[in-house]
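1. Sequence and predicted structure below; questions after.
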Amino acid sequence: PCVRVIYATKDYHVDLVAYAWRKANGIETFELAHKTDGWRPADPPALISFVERTREPFKDTKDTATQTDQFRRVVRCLKRWNDEAIPTESDDKPSGLAFVLLCATTLQPTTTVAGKPDDLKATLGVATFAAAWPGRLILKKPTPEYDDVLEKLSDEAMPDLKARFAKLAKVLEKAAREADPVEACKLLRTVFGEDFPVPEPEETARRTAAPAIITSSSSA
């Protein structure tokens, strides 16, 4: 349903969605343009409202580095992980909306003992949940047509997706146990891409005996 505009630099794109809007007798209706299925029932304002309500519990998890809440940061992490695993567009590649709905289903505000947002632990929880889902992972839109956004994935691609979630969970668990923040970030780089920030050793001050806590500014 999206028209993707890819910029010449290849590192930036915009997805454009076409809707038809009608108003009769004071009632608004929307339809979504689909490449192969014509016009399909939709309700984009209701979908936006759903996401806003879902993010409400995360309003106290904003950070100074990204100025976003934990819900958005975890979704961004998963989308980046997805792009690293499947860099080209494919029917077997989950859409960005799939990760929004997955987090809406599984994610809870997650903090450290000190009360600061713990994005690593939050992402780990989502990945663990998805990997353990019995059978096909199903994520239905909360608005018309109430379709499963993962329906397009083939029966071969679904086990692969869940296996990738399991691998992601293992890396996140290992990074959480790593005492050296530099080594922890190097582990995270293997799943989030080569430009994932890794601090210089001197920036970490000194190694501690406790596992490194990757803050939202480092992990998102």
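-> Everything's here; your move.

2. which residue ranges form the strands in this structure?
-> Secondary structure of the chain (DSSP state E): strands at 2-6, 13-17, 19-24, 27-34, 38-42.

3. how close does the residue nearest the centre of the chain sit to Ala184?
-> Central residue of the chain (CA atoms, centre = their mean): Val75, 2.5 Å from the mean position. Using CB to CB, to the nearest Å, Val75 is found at 21 Å from Ala184. For the C-beta atoms, the positions are set from N, CA and C on the backbone; glycine is no exception.

4. before we move on, what about Leu161?
-> Plainly put, Leu161 is 25 Å away from Ala184 if you go by CB to CB.

5. again, but for Glu28
-> On the measure of CB to CB, Glu28 and Ala184 end up 49 Å apart.

6. Of those two, which one has the most company?
-> Neighbour count, other CB atoms under 10 Å: between Glu28 and Ala184, Ala184 has more, with 26 against 10.

7. right, and the more buried one touches Leu172 too?
-> No: using CB atoms under 8 Å, Ala184 is not in contact with Leu172; the gap is 9.9 Å.

8. Helix or strand, whichever it is, which one in this structure has the lowest mean pLDDT?
-> None of the helices or strands of the chain scores lower by mean pLDDT, DSSP states H and E than helix 216-219, at a mean of 43.

9. In JSON lines, list the strands of the chain along with mean pLDDT and distance to Glu145.
-> As requested, those are exported to JSON lines (pLDDT from 0 to 100; distance: least, CB to CB, whole Å):
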{"stretch": "strand 2-6", "mean pLDDT": "83", "distance to Glu145": "16"}
{"stretch": "strand 13-17", "mean pLDDT": "85", "distance to Glu145": "14"}
{"stretch": "strand 19-24", "mean pLDDT": "92", "distance to Glu145": "13"}
{"stretch": "strand 27-34", "mean pLDDT": "92", "distance to Glu145": "9"}
{"stretch": "strand 38-42", "mean pLDDT": "92", "distance to Glu145": "5"}
